[in-house]
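Chemist: Structure for this input, please:
(chains A, B, C and D)
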Amino acid sequence: MSGPTLARGLNAFKEQIDAPTASFFSSCVHCGMCAEACLFFTETRDPKYTPIYKLEPLRKVWWQEYTFWGKLASTVGLSKPVTDAELTEWETLVYDSCTMCGRCTMVCPVGNDITYMIRKMREGMAASGHAPPGLIGATQRAVTIGSPMGVKYPALEAQIRHTEEEIGFSIPVDVVGADYLCTLSSMEIMNFPEYIGAIARIFHETGVSWTISSEAFEATNSGIQIGVSEIAAVLVERIVKAAEKLKVKAVISPECGHAYMAIRWEGPNLIGRPYSFKVVHILEVLDELRKAGKLRTTGKESRRLTYHDPCQISRRGGVYEQPRNLLKMVAENFVEMPDTGIMNWCCGAGGGVSANERAEVLKMKAFKRKKAQLDAVAPDALVTACANCRIQLEEGLEENHMDIPVISLTETIAEHLAGETHPEARPS
Amino acid sequence: MTEIRNDFEFRQKLDSLEPARQRTLAARFVESVLPLCDDERVSRVVKVAANPHASADELATALHTAKVAIIDSHARCGAECDWKDQAGYFVARAAAAAVSPAGQMAGGSAWHAAMSSRMAETCRSIDTAEDNAGQARKQQYRILSEYLTA
Amino acid sequence: MKTDQTLGERLRQQGISRRGFLKFCAATASLLALPPGMVPVIAAALEKARRPSVIWLSFQECTGCTESLTRSDAASVEDLIFNTISLDYHHTLQAASGTGAEDARESAMKENWGKYVLVVDGSIPTANPGYSTIAGISNVDMLMEAAAGAAAIVAIGSCASFGGIPHARPNPTGAVSVSDLIKDKPIINVSGCPPIPVVITGVLTHFLTFGIPELDELHRPKAFYGKSIHDRCYRRPFYDKGLFAESFDDEGAKKGWCLYKLGCKGPTTYNACATTKWNQGTSFPIQSGHPCLGCSEPDFWDAGGFYHALSIPTGDTAQTVLYGAAAGVGAGVALGALYRAGKAHAVHQHEKVTINDLEKGG
Amino acid sequence: MTETEFLLWVRGPAFQIATVIFVVGSIVRILEIMILGRKPNLAEARGSAVAGGLRTIITRSWPDRGTFKRSAVTLVSGYVFHAGLFVTILLFAPHILVIDEVLGISWPALPTPLVDATTVITIIALVVVLLHRIKDPVLRFLSRFQDYFVWFLTILPVITGYVAFHRIGLPPPTLIAIHILSVELLMIAFPFTKLAHAFTLFISRWYNGAIAGYRGVNS
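Modeler: Predicted coordinates:
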């Protein structure tokens, strides 16, 4: 293990640059519109947070390696290669001030997918030792312990037992042949264990055959956040092995943003082969059950609700209609925030920013954009479908003295579940 | 007193209590796990909850204090988890449940306080890796029955 | 040659009434776009003008300019000019020839040395003086000699003004214009191939009354060459509306639409054709349906073809695009292969990144 | 070198050289992009990448309301000068003539005074674009020499074209020659600067739309 070096970083840049990247860098006209789409710029007004500027080192390598004048200039020494100092300077731009939320990608008039390139640039940054310490720790724990927060199965097992007591029936673990393998994110296991109870009650009510795997319960993947595809592949491989061992038809990604991106969209490309099973987000499963008429709810939330679209699930994941369908079942006073759906503003904590203590102050400043959005509709409660968003939203709302509870969509559905069968009496 | 045999009956009895009594009962549940939380704000909240004549705005400020305690104690994404801290987090949540106004959450405040307290116990058991399955539950039944008989 | 009589005396001797004379001055004033107030001034100036001696030298020319001069409409005006100016030498128009003619020229020059007007038409061959000579004297020498004593020189026609058609590529005779050789004398260029008759007489009249007229940067009198044909063209509204004749006999041409697409050089040609017109104001090239050739401009013959618009590329661009595309694909594929090799090399060099390769110094 | 010879040189050899550089450069730039290729996506598709790509090429020309409000100056001045350039280049009679000569296709022209007015608007819009690039902190921060140089190369043909049309100052052949020369400079710089976006934006928008469309998102 030779450890991170500048050479490995630049080499990774060269590997990552492909036709879309070349086309994007050829098209950028420096119009600055992506800045106005990025909450890290709008809330700081600091031009260095302009999204396309965050890619400058990668652009330089593209120009020097894959264009005529660039190749010529660099060969004759006119254009100097990227230095380690530059990467150090860009570290806070590529990690601390970017959640890979994808809003700049939706706005760029010439169609540059800046997020696509940030994901690629992080491959070089991490390989040259420029990943933020917090994220490195989380990634190391994810690989060695199995969860970025160091949650081991016994802890989950205790949560499961606790939940089983509460809901009155058992939660299937390592059941071969189940239809669905349900994965969880450490945040849920630790901060919002009610989520486990919620899905258990829903699946129990709708007769869904599912299981949790003791070997691969962790859905999150800090490999794609830090930008090391090989590590991300290791984490995905665990879930794939468990899914294939349990012979499930589909894997459910939980209420977590980047987990969905990792397992649903990047997974097959990371491990290099398509899955033998489907991957669905919990909201997709609930919406399927709704369509099939299996999911029946009673009573409506009278509170004024609005929905925060987690970026990796909605804009970059494609799951944006399902939450609306589900909310219409349980909310009579549901209002949409301005710039909602696939144009929603990020909470400020995704893409590894929350795991990066250095970015704490910036993350809170970025939340002001979400505050402005919420002020426009002044909801009584804020529904979302990502545990990390929930934590950031709760902290942000608290810091801005806004008393708006943040609730999970799945848990809300569970609370309104119709025809709760009597939990069999458990022997005392 | 009829002996409570399972959570279903436990929940039925708790939800049948009127709000003020649910609050003082919830306070007892939280007191049983209070040593797990070293945030003194939470113990103050529990005192307010335990006081049957606590005024509405006293309860509101207590709720707000509890909420701040929750946010200060929940685990940060990606940080190394510490189940002892998590236990404190759940005690804070139990305290918040105790003082939250009726109806804001599905199910009574006592039930939620009981569940969060029990989760705090679970976190402690994870930390010390001992198996006290059901012990916390039985203790809560005893607290309820004592409360009803008193 | 009675040169001492003033113009006024000559006219009265010929029975031209004062009224006729004033009518002529008025016509000239309007022709020169001078205010009516100038009529008495012209009359007084002409009255006193001594009959200047004019020497007309024709070098390498086609006599088109002389033909044009003789075709000018107001015949009486030409007689007037011939009677008023002492045309001492014009080897096409004069009766004398041979040594008699040359003696007349040399004596006229001697008598009026420094005062006579030298009029030149035709370009001057410099490649080999022998190409064009008069009485054994090469045009170059004759011009130099005649110019030395001239008060001013009037170059009639594009050949004398800019070299004209003899000067066109490849210019075998090395033909040059008068102003290419004479640098020290005031020269008025009356370009055109040929110039319009009334323009020739107008310029000479102006010169007689006021001396050198206001000239543009090509030394052409602004009175006649100030505006382009396009400015004064009666088909201009069609140009502005974008209505163009596509061919010489299509519906547009029949309707008298603009001839821009057929190569009209109106926009870049300065002359008075569109206003004074030709053949007693009958018509001018555009009115007759043919695009203006730009004959009063330098090198009009080599300006990329009479039937191609002035602003379109002359080369075969389609072919260039074809060859360029082929070269582009070739270069692109080659460079692409180079880059792919570079990328493959990077992939080959890739070292697996594990959790121990993340921390610097870790 | 008389004016006519200068014009002839500009219309002749210079135009051929500019055409060669433009064609070779543009094709090389596009091939430099496409030949790098892209890994196929092994994930199970939700939407159609091709449909997404084609849709984004069109829809990305029109910003959503929120974006419009946040970058109104950039968008309005950008649209005006681009529209102005298209009208002036494609709907002005003499230009159509040049295109007809080079490509053999032609179409009816707009009345000349209309194009003339458009040219003025285009120049004003381009000046606004420059002022905005200098004044706006983000644009100023992002801009390098090339951004200002390309701006200059873009406005030059419009100004020289206007001056040539109105024949201000120099004799018309020279004015037309200067105008054509300025176009040639633009053509030469085209493939090697951000002007290449005129071609590559279709590729970029296509990729953008395809990547999102594959996941069922209309980007």
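
Chemist: Give me the contact status of stretch B:67-81 with chain C.
Modeler: No: judged by C-beta under 8 Å from any C-beta of the partner chain, stretch B:67-81 makes no contact with chain C; its nearest approach is 13.7 Å. For the C-beta atoms, the positions are set from N, CA and C on the backbone; glycine is no exception.

Chemist: need the strands for the stretch 301-428 of chain A, in chain order.
Modeler: Using DSSP state E, counting those that start in this stretch, the strands of the stretch 301-428 of chain A run over residues A:305-308, A:381-384, A:406-408.

Chemist: Same check on the stretch 151-300 of chain A?
Modeler: With DSSP E, counting those that start in this stretch as the criterion, the stretch 151-300 of chain A has strands spanning A:180-182, A:210-211, A:250-253, A:278-281.

Chemist: who touches the first one?
Modeler: If I follow you right, that is strand A:180-182. Strand A:180-182 has contacts (C-beta atoms under 8 Å, 6 or more residues apart in numbering or on different chains) with A:199, A:203, A:208-213, A:216, A:239, A:242-243, A:246, A:248-252, A:254, A:277, A:282, A:285.

Chemist: Go again with 10 Å.
Modeler: The contact list for strand A:180-182 (C-beta atoms under 10 Å, 6 or more residues apart in numbering or on different chains) reads A:171-172, A:174-175, A:196, A:199-200, A:203, A:208-213, A:216-217, A:219, A:239, A:242-254, A:277-280, A:282, A:285.

Chemist: burial count for the closest residue to chain C within the stretch 201-350 of chain A?
Modeler: In the stretch 201-350 of chain A, the residue that lies nearest chain C is A:Val228 (4.9 Å; C-beta to the nearest C-beta). Residues within reach of A:Val228, counting by other C-beta atoms under 10 Å in any protein chain shown, total 27.

Chemist: who are the neighbours in contact with it?
Modeler: A:12, A:122-123, A:125-127, A:131, A:136, A:139, A:222, A:234, C:352-355, C:357-358.

Chemist: check contacts around the residue nearest the centre of chain D.
Modeler: Note on chain D: the residue nearest the mean C-alpha position is D:Ala198, at 5.3 Å, using C-alpha atoms, centre = their mean. Residues near D:Ala198 by C-beta under 10 Å, 6+ apart: A:Ser27, A:Val29, A:Val110, D:Ser26, D:His82, D:Phe190, D:Pro191.

Chemist: Could you tell me how far D:Arg11 is located from chain C?
Modeler: 5 Å (C-beta to the nearest C-beta, to the nearest Å).

Chemist: Help me confirm that that residue comes into contact with C:Pro313.
Modeler: Yes: look at D:Arg11 against C:Pro313 with C-beta atoms under 10 Å: they come within range, at 5.3 Å.

Chemist: between these two, which one's more packed in?
Modeler: A side-by-side neighbour count of D:Arg11 and C:Pro313, using other C-beta under 10 Å, places D:Arg11 first with 26 against 22.

Chemist: for the more buried one, phi and psi?
Modeler: phi -70, psi -20 (degrees, to the nearest 10).

Chemist: got the contact list for it?
Modeler: Taking C-beta under 10 Å, 6+ apart, we find D:Arg11 in contact with C:303-304, C:308, C:310-315, D:98, D:173, D:176-177, D:180-181, D:184.

Chemist: one more time with 8 Å, if that's ok
Modeler: Contacts for D:Arg11 (C-beta under 8 Å, 6+ apart) come out as C:Gly304, C:Ser311, C:Ile312, C:Pro313, C:Thr314, D:Ala177, D:Ile180.

Chemist: Burial check on residue 299, number of neighbours?
Modeler: The chain I'm using is chain A. Residues within reach of A:Gly299, counting by other C-beta under 10 Å, total 12.

Chemist: That was the other one, I meant chain C.
Modeler: 21.

Chemist: Quick one: residues contacting it.
Modeler: By C-beta under 8 Å, 6+ apart, the contact set of C:Asp299 is C:Phe162, C:Gly163, C:His167, C:Ala168, D:Thr2, D:Thr4, D:Glu5.

Chemist: And C:Arg220, by the same measure?
Modeler: C:Ser161, C:Ile188, C:Asn189, C:Val190, C:Ser191, C:Tyr270, C:Ser296.

Chemist: So which of those is the closest to chain D?
Modeler: Looking across those and measuring by C-beta to the nearest C-beta, the closest to chain D is C:Tyr270, at 8.0 Å.

Chemist: Assign a three-state SS to the residue in chain B that chain C sits nearest to, would you?
Modeler: Proximity of chain B to chain C (C-beta to the nearest C-beta) peaks at B:Gly78, 13.7 Å away. What DSSP: H, G, I helix; E, B strand; the rest coil gives for B:Gly78 is coil.

Chemist: correct me, but it touches A:Ser222?
Modeler: Yes: counting by C-beta atoms under 8 Å, B:Gly78 sits close enough to A:Ser222 to count as a contact (6.8 Å).

Chemist: Give me the common contacts of these two.
Modeler: Going by C-beta under 8 Å, 6+ apart, residues that sit against B:Gly78 and also against A:Ser222 are A:Leu135, A:Ala138, A:Pro148, A:Gly352, A:Ala355.

Chemist: ok, and what's touching stretch A:273-290?
Modeler: So stretch A:273-290 is in contact with A:180-182, A:199, A:202, A:206, A:208, A:240, A:243-244, A:248-255, A:260, A:263-264, A:267-268, A:295, A:313, A:317, A:319, A:321-323, A:325-326, A:329, A:385, A:409-410, A:413, D:42-44, going by C-beta under 8 Å, 6+ apart.

Chemist: where along chain B do the helices fall?
Modeler: B:7-16, B:19-33, B:40-50, B:56-73, B:83-99, B:109-128, B:135-149 (DSSP state H).

Chemist: Just the buried positions in the fourth one, please.
Modeler: By neighbour count, and taking 16 or more other C-beta atoms under 10 Å in any protein chain shown as the criterion, the buried residues in helix B:56-73 are B:Leu59, B:Ala62, B:Leu63, B:His64, B:Thr65, B:Ala66, B:Lys67, B:Ala69, B:Ile70, B:Ile71, B:Ser73.
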